[in-house]
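A.B. asks: take a look and give me a structure for this.
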Amino acid sequence: MMKFEVIRSETVKPSSPTPHYLKHFKLSLLDQLAPVAYEPLVLFYPYNDRDVTFTPAKRSLWMKKSLSETLTRFYPFAGRIKGNISIECHDDGVDYMQARVHGLLSTLLAQPDAETLRQLLPVAIEFPKAGTGPLLLVQESFFDCGGLAIGVCMSRKLGDAASLGTFIMSWAASALGFSQALLPDFNASFWFPPMDCSSGHNSSVDHIVKKRTDGCVTKRFVFDASKICALQTEAASANVKQPTNLEAVTALIWRCAVAAATRSSSLHKSPPKVSVLSQSVDIRKRIVPPLSDDSIGNLVGYFAAQANESELELQGLVAQLRTGLKEVSNNCAQILKGSHGSRGFVESSKEAGDFFQRDDIMNLQVCTGLCDYKVLYEVNFGWGRPIWVSYFPGGLNRNVASLVGTRKDDGIEAWVTLSEEDMAAFEHDQELLAFAMVNPSVLEPIALKSAL
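C.D. replies: So this is what the prediction gives:
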(Lines give C-alpha, C1' and ligand atoms only; values in the text may rest on other atoms or scores of the structure.)
Protein backbone atom coordinates (compact mmCIF):
# COMPACT_ATOMS: atom_id res chain seq x y z
CA MET A 1 0.00 0.00 0.00
CA MET A 2 1.35 3.42 -0.96
CA LYS A 3 2.15 5.96 1.71
CA PHE A 4 1.56 9.66 1.03
CA GLU A 5 3.43 12.29 3.00
CA VAL A 6 3.07 16.08 2.69
CA ILE A 7 6.49 17.49 3.48
CA ARG A 8 6.00 21.20 2.83
CA SER A 9 3.26 23.78 2.30
CA GLU A 10 3.68 27.38 1.17
CA THR A 11 1.96 30.24 -0.63
CA VAL A 12 2.87 31.27 -4.18
CA LYS A 13 1.97 34.83 -5.14
CA PRO A 14 1.99 36.67 -8.48
CA SER A 15 5.47 37.73 -9.57
CA SER A 16 4.20 41.29 -10.11
CA PRO A 17 1.56 43.07 -7.98
CA THR A 18 -1.90 43.36 -9.46
CA PRO A 19 -2.61 46.96 -10.60
CA HIS A 20 -5.09 48.94 -8.53
CA TYR A 21 -7.66 49.10 -11.35
CA LEU A 22 -7.82 45.26 -11.45
CA LYS A 23 -8.26 44.71 -7.71
CA HIS A 24 -12.02 44.21 -7.97
CA PHE A 25 -13.06 41.36 -10.30
CA LYS A 26 -16.79 40.84 -10.83
CA LEU A 27 -18.19 37.32 -10.92
CA SER A 28 -20.56 36.53 -13.75
CA LEU A 29 -24.10 35.30 -13.18
CA LEU A 30 -23.00 31.76 -14.05
CA ASP A 31 -20.10 32.00 -11.59
CA GLN A 32 -22.50 33.04 -8.86
CA LEU A 33 -24.70 30.04 -9.58
CA ALA A 34 -21.81 27.55 -9.68
CA PRO A 35 -21.52 25.01 -6.86
CA VAL A 36 -19.13 25.55 -3.96
CA ALA A 37 -16.59 22.87 -4.85
CA TYR A 38 -13.22 22.40 -6.53
CA GLU A 39 -12.51 21.34 -10.12
CA PRO A 40 -9.77 18.65 -9.93
CA LEU A 41 -7.07 17.54 -12.36
CA VAL A 42 -3.96 15.39 -12.00
CA LEU A 43 -1.16 15.15 -14.57
CA PHE A 44 1.31 12.25 -14.37
CA TYR A 45 4.90 12.50 -15.63
CA PRO A 46 7.29 9.51 -15.80
CA TYR A 47 10.89 9.91 -14.77
CA ASN A 48 12.99 11.16 -17.68
CA ASP A 49 16.48 9.66 -17.30
CA ARG A 50 17.73 11.69 -20.28
CA ASP A 51 17.97 14.79 -18.08
CA VAL A 52 19.39 13.78 -14.71
CA THR A 53 20.05 17.45 -13.86
CA PHE A 54 16.30 18.02 -13.37
CA THR A 55 16.23 16.89 -9.74
CA PRO A 56 12.96 17.05 -7.75
CA ALA A 57 14.21 20.22 -6.02
CA LYS A 58 14.94 21.92 -9.35
CA ARG A 59 11.62 20.83 -10.80
CA SER A 60 9.82 22.27 -7.79
CA LEU A 61 11.57 25.64 -8.07
CA TRP A 62 10.93 25.66 -11.82
CA MET A 63 7.20 25.09 -11.36
CA LYS A 64 6.79 27.63 -8.57
CA LYS A 65 8.62 30.33 -10.52
CA SER A 66 6.55 29.80 -13.66
CA LEU A 67 3.35 29.55 -11.56
CA SER A 68 4.14 32.93 -10.00
CA GLU A 69 4.62 34.44 -13.45
CA THR A 70 1.37 32.90 -14.70
CA LEU A 71 -0.62 34.30 -11.76
CA THR A 72 0.29 37.80 -12.91
CA ARG A 73 -1.83 37.23 -16.02
CA PHE A 74 -4.45 35.11 -14.23
CA TYR A 75 -4.64 37.53 -11.29
CA PRO A 76 -8.15 36.49 -10.04
CA PHE A 77 -6.77 33.00 -9.36
CA ALA A 78 -4.68 34.48 -6.52
CA GLY A 79 -7.61 36.39 -5.01
CA ARG A 80 -10.45 35.62 -2.60
CA ILE A 81 -14.21 35.67 -3.16
CA LYS A 82 -16.24 38.32 -1.36
CA GLY A 83 -19.94 37.75 -0.81
CA ASN A 84 -20.48 35.67 -3.96
CA ILE A 85 -20.34 38.95 -5.87
CA SER A 86 -16.69 39.56 -6.68
CA ILE A 87 -13.11 38.39 -6.27
CA GLU A 88 -10.87 40.74 -4.34
CA CYS A 89 -7.50 40.56 -6.12
CA HIS A 90 -5.03 41.51 -3.39
CA ASP A 91 -2.47 38.86 -4.36
CA ASP A 92 -3.26 36.54 -1.45
CA GLY A 93 -1.74 33.76 -3.54
CA VAL A 94 -2.37 30.06 -4.09
CA ASP A 95 -1.60 27.16 -1.78
CA TYR A 96 1.32 25.03 -2.98
CA MET A 97 2.13 21.69 -1.38
CA GLN A 98 5.02 19.29 -1.86
CA ALA A 99 4.47 15.61 -1.12
CA ARG A 100 6.40 12.36 -1.26
CA VAL A 101 4.79 9.11 -2.40
CA HIS A 102 6.48 6.00 -1.06
CA GLY A 103 5.83 3.74 -4.01
CA LEU A 104 6.19 3.49 -7.78
CA LEU A 105 4.25 5.48 -10.34
CA SER A 106 3.92 2.32 -12.43
CA THR A 107 2.13 0.60 -9.54
CA LEU A 108 -0.49 3.35 -9.38
CA LEU A 109 -0.98 3.49 -13.14
CA ALA A 110 -1.32 -0.26 -13.48
CA GLN A 111 -4.71 -0.11 -11.80
CA PRO A 112 -5.63 3.42 -10.68
CA ASP A 113 -8.40 3.85 -8.15
CA ALA A 114 -10.23 6.98 -7.05
CA GLU A 115 -9.28 6.77 -3.37
CA THR A 116 -5.56 6.68 -4.18
CA LEU A 117 -5.87 9.46 -6.74
CA ARG A 118 -7.55 11.72 -4.20
CA GLN A 119 -4.35 11.58 -2.14
CA LEU A 120 -2.65 13.41 -5.01
CA LEU A 121 -4.98 16.40 -4.73
CA PRO A 122 -4.17 19.34 -2.44
CA VAL A 123 -7.71 19.56 -1.04
CA ALA A 124 -10.96 17.60 -0.93
CA ILE A 125 -13.09 18.37 -3.98
CA GLU A 126 -16.19 19.16 -1.88
CA PHE A 127 -14.30 21.35 0.63
CA PRO A 128 -16.54 24.35 1.54
CA LYS A 129 -13.64 26.82 1.50
CA ALA A 130 -13.90 26.75 -2.29
CA GLY A 131 -16.21 29.73 -1.79
CA THR A 132 -14.16 31.64 0.77
CA GLY A 133 -10.56 30.41 0.80
CA PRO A 134 -7.86 29.83 -1.83
CA LEU A 135 -9.25 29.64 -5.34
CA LEU A 136 -6.36 27.55 -6.63
CA LEU A 137 -4.32 24.87 -4.88
CA VAL A 138 -1.45 22.79 -6.26
CA GLN A 139 0.24 19.65 -4.98
CA GLU A 140 3.39 18.18 -6.51
CA SER A 141 3.93 14.54 -5.52
CA PHE A 142 7.24 12.82 -6.27
CA PHE A 143 7.33 9.01 -6.35
CA ASP A 144 10.28 6.90 -5.20
CA CYS A 145 11.07 6.16 -8.87
CA GLY A 146 11.34 9.85 -9.78
CA GLY A 147 7.90 10.03 -11.38
CA LEU A 148 5.81 13.12 -10.70
CA ALA A 149 2.10 13.84 -10.26
CA ILE A 150 0.84 17.43 -10.38
CA GLY A 151 -2.56 17.75 -8.73
CA VAL A 152 -4.47 20.99 -9.25
CA CYS A 153 -7.78 22.10 -7.73
CA MET A 154 -9.56 25.27 -8.87
CA SER A 155 -12.69 26.69 -7.23
CA ARG A 156 -15.78 26.18 -9.37
CA LYS A 157 -16.78 29.73 -8.40
CA LEU A 158 -13.87 30.86 -10.58
CA GLY A 159 -14.36 28.71 -13.65
CA ASP A 160 -15.13 25.36 -15.26
CA ALA A 161 -12.89 22.53 -16.48
CA ALA A 162 -12.06 24.40 -19.69
CA SER A 163 -10.91 27.38 -17.61
CA LEU A 164 -8.64 25.14 -15.56
CA GLY A 165 -7.24 23.64 -18.76
CA THR A 166 -6.50 27.11 -20.14
CA PHE A 167 -4.66 28.04 -16.94
CA ILE A 168 -2.53 24.88 -16.92
CA MET A 169 -1.58 25.27 -20.57
CA SER A 170 -0.57 28.88 -19.92
CA TRP A 171 1.43 27.79 -16.86
CA ALA A 172 3.34 25.22 -18.94
CA ALA A 173 3.96 27.82 -21.67
CA SER A 174 5.47 30.13 -19.03
CA ALA A 175 7.74 27.32 -17.83
CA LEU A 176 9.08 27.00 -21.38
CA GLY A 177 9.60 30.76 -21.72
CA PHE A 178 6.48 31.62 -23.72
CA SER A 179 4.70 33.77 -21.17
CA GLN A 180 2.55 35.63 -23.72
CA ALA A 181 1.59 32.55 -25.74
CA LEU A 182 -1.82 32.18 -24.09
CA LEU A 183 -3.70 35.10 -22.56
CA PRO A 184 -7.01 34.68 -20.71
CA ASP A 185 -10.28 36.39 -21.57
CA PHE A 186 -12.02 37.65 -18.41
CA ASN A 187 -15.15 39.13 -20.03
CA ALA A 188 -17.71 36.59 -18.80
CA SER A 189 -19.37 39.11 -16.45
CA PHE A 190 -19.94 41.43 -19.42
CA TRP A 191 -21.96 38.77 -21.25
CA PHE A 192 -23.57 37.42 -18.05
CA PRO A 193 -24.00 40.36 -15.63
CA PRO A 194 -24.12 39.29 -11.96
CA MET A 195 -27.31 39.33 -9.93
CA ASP A 196 -27.96 40.99 -6.59
CA CYS A 197 -26.94 38.48 -3.91
CA SER A 198 -28.14 40.58 -0.96
CA SER A 199 -30.88 38.03 -0.27
CA GLY A 200 -28.38 35.19 -0.09
CA HIS A 201 -26.90 32.66 -2.46
CA ASN A 202 -29.54 30.90 -4.54
CA SER A 203 -27.72 28.46 -6.75
CA SER A 204 -29.72 26.65 -9.40
CA VAL A 205 -26.95 24.15 -10.09
CA ASP A 206 -25.88 23.29 -6.55
CA HIS A 207 -27.63 19.97 -7.25
CA ILE A 208 -24.25 18.77 -8.47
CA VAL A 209 -22.84 18.74 -4.94
CA LYS A 210 -25.99 18.45 -2.82
CA LYS A 211 -27.25 15.09 -4.06
CA ARG A 212 -25.16 13.05 -1.64
CA THR A 213 -25.47 9.73 0.03
CA ASP A 214 -23.37 7.40 2.13
CA GLY A 215 -21.81 4.34 0.57
CA CYS A 216 -20.90 5.70 -2.86
CA VAL A 217 -18.38 3.88 -5.05
CA THR A 218 -16.39 5.43 -7.92
CA LYS A 219 -14.95 3.21 -10.65
CA ARG A 220 -13.21 3.73 -13.98
CA PHE A 221 -14.36 2.32 -17.32
CA VAL A 222 -12.50 2.72 -20.62
CA PHE A 223 -14.03 2.46 -24.09
CA ASP A 224 -11.51 2.05 -26.91
CA ALA A 225 -12.10 3.48 -30.36
CA SER A 226 -13.00 0.20 -32.09
CA LYS A 227 -15.62 -0.67 -29.49
CA ILE A 228 -17.11 2.81 -29.68
CA CYS A 229 -17.38 2.50 -33.46
CA ALA A 230 -19.39 -0.70 -33.03
CA LEU A 231 -21.52 0.98 -30.35
CA GLN A 232 -22.24 3.92 -32.64
CA THR A 233 -23.50 1.54 -35.31
CA GLU A 234 -25.79 -0.13 -32.79
CA ALA A 235 -27.07 3.21 -31.49
CA ALA A 236 -27.83 4.71 -34.93
CA SER A 237 -31.42 5.21 -36.01
CA ALA A 238 -33.52 7.13 -38.50
CA ASN A 239 -33.66 10.03 -36.02
CA VAL A 240 -29.90 10.09 -35.38
CA LYS A 241 -28.08 8.45 -38.26
CA GLN A 242 -24.56 9.17 -37.00
CA PRO A 243 -24.35 9.33 -33.20
CA THR A 244 -21.20 10.95 -31.84
CA ASN A 245 -18.88 8.86 -29.72
CA LEU A 246 -19.98 10.79 -26.62
CA GLU A 247 -23.67 10.28 -27.41
CA ALA A 248 -23.22 6.54 -27.89
CA VAL A 249 -21.17 6.03 -24.70
CA THR A 250 -23.41 8.31 -22.63
CA ALA A 251 -26.54 6.47 -23.78
CA LEU A 252 -25.00 3.10 -22.89
CA ILE A 253 -23.96 4.27 -19.42
CA TRP A 254 -27.44 5.74 -18.89
CA ARG A 255 -29.13 2.51 -19.97
CA CYS A 256 -26.89 0.31 -17.81
CA ALA A 257 -27.14 2.61 -14.77
CA VAL A 258 -30.94 2.43 -14.91
CA ALA A 259 -30.78 -1.34 -15.32
CA ALA A 260 -28.47 -1.57 -12.30
CA ALA A 261 -30.80 0.62 -10.20
CA THR A 262 -33.75 -1.51 -11.24
CA ARG A 263 -32.03 -4.76 -10.23
CA SER A 264 -30.78 -3.44 -6.89
CA SER A 265 -34.08 -1.67 -6.14
CA SER A 266 -36.02 -4.91 -6.53
CA LEU A 267 -34.38 -6.10 -3.32
CA HIS A 268 -35.74 -3.35 -1.07
CA LYS A 269 -38.06 -0.94 -2.95
CA SER A 270 -39.91 -0.35 -6.17
CA PRO A 271 -37.70 0.20 -9.22
CA PRO A 272 -37.69 3.69 -10.79
CA LYS A 273 -40.41 4.33 -13.35
CA VAL A 274 -38.70 7.36 -14.89
CA SER A 275 -35.05 8.22 -15.43
CA VAL A 276 -33.56 11.62 -16.14
CA LEU A 277 -30.07 12.38 -17.40
CA SER A 278 -28.71 15.85 -16.72
CA GLN A 279 -25.75 16.74 -18.93
CA SER A 280 -23.35 19.68 -18.88
CA VAL A 281 -22.33 21.42 -22.09
CA ASP A 282 -19.58 23.93 -22.89
CA ILE A 283 -21.39 26.95 -24.35
CA ARG A 284 -18.38 28.98 -25.58
CA LYS A 285 -18.86 28.09 -29.24
CA ARG A 286 -22.65 27.77 -29.04
CA ILE A 287 -23.22 31.42 -28.16
CA VAL A 288 -23.78 33.86 -31.02
CA PRO A 289 -21.28 35.41 -31.53
CA PRO A 290 -19.03 32.66 -30.12
CA LEU A 291 -16.71 33.34 -27.20
CA SER A 292 -12.98 32.78 -27.16
CA ASP A 293 -11.63 29.32 -26.29
CA ASP A 294 -9.60 31.11 -23.61
CA SER A 295 -12.65 32.64 -21.93
CA ILE A 296 -12.46 32.11 -18.16
CA GLY A 297 -15.60 31.39 -16.14
CA ASN A 298 -18.41 28.91 -15.70
CA LEU A 299 -19.48 28.94 -19.32
CA VAL A 300 -21.57 25.82 -18.93
CA GLY A 301 -25.15 24.98 -19.77
CA TYR A 302 -27.27 22.00 -18.71
CA PHE A 303 -30.08 20.04 -20.27
CA ALA A 304 -32.27 17.25 -18.98
CA ALA A 305 -33.23 14.21 -21.07
CA GLN A 306 -36.03 12.02 -19.78
CA ALA A 307 -37.08 8.42 -20.46
CA ASN A 308 -39.56 6.05 -18.85
CA GLU A 309 -38.93 2.36 -18.19
CA SER A 310 -40.21 1.35 -21.65
CA GLU A 311 -37.98 3.84 -23.52
CA LEU A 312 -34.51 2.63 -22.65
CA GLU A 313 -33.32 1.33 -26.00
CA LEU A 314 -30.00 2.83 -27.10
CA GLN A 315 -31.45 4.45 -30.21
CA GLY A 316 -34.16 6.22 -28.22
CA LEU A 317 -31.75 7.45 -25.55
CA VAL A 318 -29.37 8.83 -28.18
CA ALA A 319 -32.29 10.67 -29.79
CA GLN A 320 -33.19 12.18 -26.41
CA LEU A 321 -29.60 13.35 -25.93
CA ARG A 322 -29.49 14.88 -29.40
CA THR A 323 -32.76 16.74 -28.77
CA GLY A 324 -31.50 18.09 -25.45
CA LEU A 325 -28.27 19.30 -27.03
CA LYS A 326 -30.18 21.07 -29.81
CA GLU A 327 -32.33 22.84 -27.22
CA VAL A 328 -29.23 24.04 -25.37
CA SER A 329 -27.73 25.26 -28.64
CA ASN A 330 -30.93 27.13 -29.50
CA ASN A 331 -31.03 28.71 -26.05
CA CYS A 332 -27.39 29.72 -26.37
CA ALA A 333 -28.10 31.44 -29.67
CA GLN A 334 -30.56 33.71 -27.81
CA ILE A 335 -28.38 34.44 -24.79
CA LEU A 336 -26.86 37.68 -26.06
CA LYS A 337 -30.05 38.91 -27.72
CA GLY A 338 -31.97 41.25 -25.45
CA SER A 339 -31.66 42.03 -21.76
CA HIS A 340 -33.30 38.83 -20.54
CA GLY A 341 -31.36 36.34 -22.66
CA SER A 342 -28.97 35.11 -19.99
CA ARG A 343 -31.72 34.88 -17.37
CA GLY A 344 -33.76 32.69 -19.70
CA PHE A 345 -30.74 30.49 -20.31
CA VAL A 346 -30.26 30.03 -16.55
CA GLU A 347 -33.91 29.10 -16.12
CA SER A 348 -33.60 26.42 -18.78
CA SER A 349 -30.53 25.02 -16.99
CA LYS A 350 -32.38 25.10 -13.68
CA GLU A 351 -34.86 22.53 -15.01
CA ALA A 352 -32.04 19.99 -15.17
CA GLY A 353 -31.10 20.79 -11.58
CA ASP A 354 -34.68 20.42 -10.33
CA PHE A 355 -34.90 16.94 -11.81
CA PHE A 356 -31.63 15.91 -10.20
CA GLN A 357 -32.86 16.75 -6.69
CA ARG A 358 -35.90 14.50 -6.89
CA ASP A 359 -35.82 11.13 -5.11
CA ASP A 360 -38.72 9.54 -7.00
CA ILE A 361 -36.79 9.14 -10.25
CA MET A 362 -33.48 7.65 -11.35
CA ASN A 363 -31.07 10.57 -11.91
CA LEU A 364 -27.73 10.56 -13.67
CA GLN A 365 -25.48 13.63 -13.89
CA VAL A 366 -23.04 13.43 -16.83
CA CYS A 367 -20.13 15.81 -17.37
CA THR A 368 -18.76 15.69 -20.92
CA GLY A 369 -16.98 17.89 -23.39
CA LEU A 370 -15.97 20.66 -20.94
CA CYS A 371 -12.30 20.46 -21.78
CA ASP A 372 -10.22 19.12 -24.65
CA TYR A 373 -8.18 16.61 -22.69
CA LYS A 374 -6.10 15.66 -25.73
CA VAL A 375 -4.63 19.18 -25.57
CA LEU A 376 -3.66 18.59 -21.94
CA TYR A 377 -1.53 15.66 -23.07
CA GLU A 378 0.70 18.29 -24.70
CA VAL A 379 1.34 20.09 -21.38
CA ASN A 380 5.12 20.14 -21.06
CA PHE A 381 6.80 21.96 -18.17
CA GLY A 382 10.26 21.10 -19.46
CA TRP A 383 10.58 17.36 -18.82
CA GLY A 384 8.26 15.91 -21.44
CA ARG A 385 4.55 15.28 -21.85
CA PRO A 386 2.29 13.57 -19.31
CA ILE A 387 1.71 9.85 -19.60
CA TRP A 388 -1.81 10.26 -18.17
CA VAL A 389 -4.20 13.11 -17.36
CA SER A 390 -6.91 12.20 -14.89
CA TYR A 391 -10.15 13.91 -13.99
CA PHE A 392 -12.50 12.16 -11.59
CA PRO A 393 -15.60 13.13 -9.55
CA GLY A 394 -15.49 13.84 -5.84
CA GLY A 395 -17.03 10.58 -4.72
CA LEU A 396 -19.70 11.97 -2.36
CA ASN A 397 -22.21 12.54 -5.14
CA ARG A 398 -24.44 9.69 -6.19
CA ASN A 399 -25.16 8.90 -9.84
CA VAL A 400 -22.43 10.95 -11.49
CA ALA A 401 -20.41 10.09 -14.61
CA SER A 402 -17.45 12.10 -15.91
CA LEU A 403 -16.39 11.36 -19.50
CA VAL A 404 -13.11 12.51 -21.07
CA GLY A 405 -11.10 11.54 -24.12
CA THR A 406 -8.19 9.12 -23.85
CA ARG A 407 -4.60 9.99 -24.77
CA LYS A 408 -4.63 8.15 -28.09
CA ASP A 409 -7.21 7.43 -30.77
CA ASP A 410 -10.80 8.43 -30.01
CA GLY A 411 -11.36 6.39 -26.88
CA ILE A 412 -13.32 7.57 -23.84
CA GLU A 413 -12.53 7.19 -20.15
CA ALA A 414 -15.51 7.28 -17.78
CA TRP A 415 -15.43 7.67 -14.01
CA VAL A 416 -18.81 6.53 -12.67
CA THR A 417 -20.07 7.04 -9.10
CA LEU A 418 -23.05 4.98 -7.93
CA SER A 419 -24.32 3.54 -4.68
CA GLU A 420 -22.58 0.35 -3.58
CA GLU A 421 -25.64 -1.73 -4.51
CA ASP A 422 -26.04 -0.16 -7.94
CA MET A 423 -22.32 -0.38 -8.73
CA ALA A 424 -22.27 -4.10 -7.90
CA ALA A 425 -24.85 -4.61 -10.66
CA PHE A 426 -23.47 -1.98 -13.05
CA GLU A 427 -19.88 -3.25 -13.23
CA HIS A 428 -21.09 -6.77 -14.08
CA ASP A 429 -23.59 -5.71 -16.74
CA GLN A 430 -22.75 -7.84 -19.78
CA GLU A 431 -23.98 -5.23 -22.23
CA LEU A 432 -21.63 -2.65 -20.70
CA LEU A 433 -18.72 -5.10 -20.62
CA ALA A 434 -19.18 -5.84 -24.32
CA PHE A 435 -17.92 -2.31 -25.00
CA ALA A 436 -15.98 -1.21 -21.91
CA MET A 437 -12.97 -2.39 -19.92
CA VAL A 438 -13.10 -2.09 -16.15
CA ASN A 439 -10.12 -0.05 -14.94
CA PRO A 440 -7.45 -1.27 -17.35
CA SER A 441 -3.80 -0.29 -16.93
CA VAL A 442 -2.87 3.19 -18.13
CA LEU A 443 0.53 1.89 -19.20
CA GLU A 444 1.25 0.58 -22.66
CA PRO A 445 3.45 -2.55 -22.87
CA ILE A 446 6.49 -0.50 -23.93
CA ALA A 447 6.03 1.87 -20.99
CA LEU A 448 6.33 -0.98 -18.50
CA LYS A 449 9.98 -1.30 -19.45
CA SER A 450 10.81 2.32 -18.71
CA ALA A 451 11.76 3.89 -15.41
CA LEU A 452 8.40 4.76 -13.85
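A.B. asks: alpha carbons only for contacts and neighbour counts from here, please
C.D. replies: Fine.
A.B. asks: buried residues in stretch 106-119?
C.D. replies: 106, 108-109, 112-114, 117-119 (16 or more other Cα atoms under 10 Å).
A.B. asks: tell me the secondary structure at Gln320.
C.D. replies: helix (DSSP: H, G, I helix; E, B strand; the rest coil).
A.B. asks: out of everything not next to it in sequence, what's closest to it?
C.D. replies: In space, and not counting its chain neighbours, Gln320 is closest to Ala305: 5.7 Å by Cα to Cα, 6 or more residues apart in numbering.
A.B. asks: shaky segments in the stretch 301-450 of the chain?
C.D. replies: 335-361, 369-372, 394-396, 445-450 (pLDDT under 70).
A.B. asks: mind listing the helices for it?
C.D. replies: 314-335, 341-356, 373-376, 420-426, 430-433 (DSSP state H, counting those that start in this stretch).
A.B. asks: helices or strands next to the third one in the packing?
C.D. replies: Helices and strands touching helix 373-376, by 3 or more Cα pairs under 8 Å, 6 or more residues apart in numbering; DSSP states H and E, are strand 400-405.
A.B. asks: quick one: contacts of the strand it packs on?
C.D. replies: Outside strand 400-405, the residues that touch it by Cα atoms under 8 Å, 6 or more residues apart in numbering are 246, 364-369, 372-374, 391-393, 411-418.
A.B. asks: let's see 6 Å
C.D. replies: 364-368, 411-417 (Cα atoms under 6 Å, 6 or more residues apart in numbering).
A.B. asks: just grab the bridge partners of the residue nearest to Gln320 for me.
C.D. replies: In this entry, Ala305 is beta-bridged to Leu277, by DSSP bridges.
A.B. asks: Leu120: neighbouring residues, count only.
C.D. replies: 25 (other Cα atoms under 10 Å).
A.B. asks: err, Asn330, not the other one
C.D. replies: 15.
A.B. asks: ok, the one 3 residues further on next?
C.D. replies: Other residues near Ala333 come to 19 when the count uses other Cα under 10 Å.
A.B. asks: quick check, it in contact with Val288.
C.D. replies: Yes: using Cα atoms under 6 Å, Ala333 is in contact with Val288, at 5.1 Å.
A.B. asks: ok, now how distant is the residue at minimal distance from the centre of the chain from Cys89?
C.D. replies: Centroid check for the chain by Cα atoms, centre = their mean gives Ala161 as the closest residue, at 5.0 Å. Using Cα to Cα, to the nearest Å, we find Ala161 at a distance of 21 Å from Cys89.
A.B. asks: tell me where the stretch 151-300 of the chain has helices.
C.D. replies: Under DSSP H, counting those that start in this stretch, the stretch 151-300 of the chain gives helices at 161-175, 188-191, 207-210, 225-235, 245-265.
A.B. asks: Thr218: which of those is closest?
C.D. replies: helix 245-265 (13.1 Å; Cα to Cα).
A.B. asks: for that closest one, packing partners?
C.D. replies: Helix 245-265 makes packing contacts with helix 314-335, helix 420-426 when contacts are defined by 3 or more Cα pairs under 6 Å, 6 or more residues apart in numbering; DSSP states H and E.
A.B. asks: starting at the chain centroid, how far to the longest one?
C.D. replies: Relative to its chain's centre, helix 314-335 lies at 21 Å (Cα atoms, centre = their mean, to the nearest Å).
A.B. asks: how big is the angle separating it from helix 245-265?
C.D. replies: 120 degrees (axes from the mean of the first three to the mean of the last three Cα atoms, to 10 degrees).
A.B. asks: buried stuff in helix 314-335?
C.D. replies: 314-325, 327-329, 331-335.
A.B. asks: the last one now?
C.D. replies: Taking 16+ other Cα under 10 Å as the neighbour-count basis, helix 420-426 is seen to contain the buried residues 420-423, 425-426.
A.B. asks: nearest to Thr233 among those?
C.D. replies: Phe426 (22.5 Å).
A.B. asks: out of the buried residues of helix 420-426, the closest to Glu234 would be?
C.D. replies: Phe426 (20.0 Å).
A.B. asks: residues touching the closest residue to that closest one other than its chain neighbours, list them.
C.D. replies: Nearest residue to Phe426, sequence neighbours excluded (Cα to Cα, 6+ apart): Ala260, at 5.1 Å. Residues near Ala260 by Cα under 6 Å, 6+ apart: 422, 425-426.
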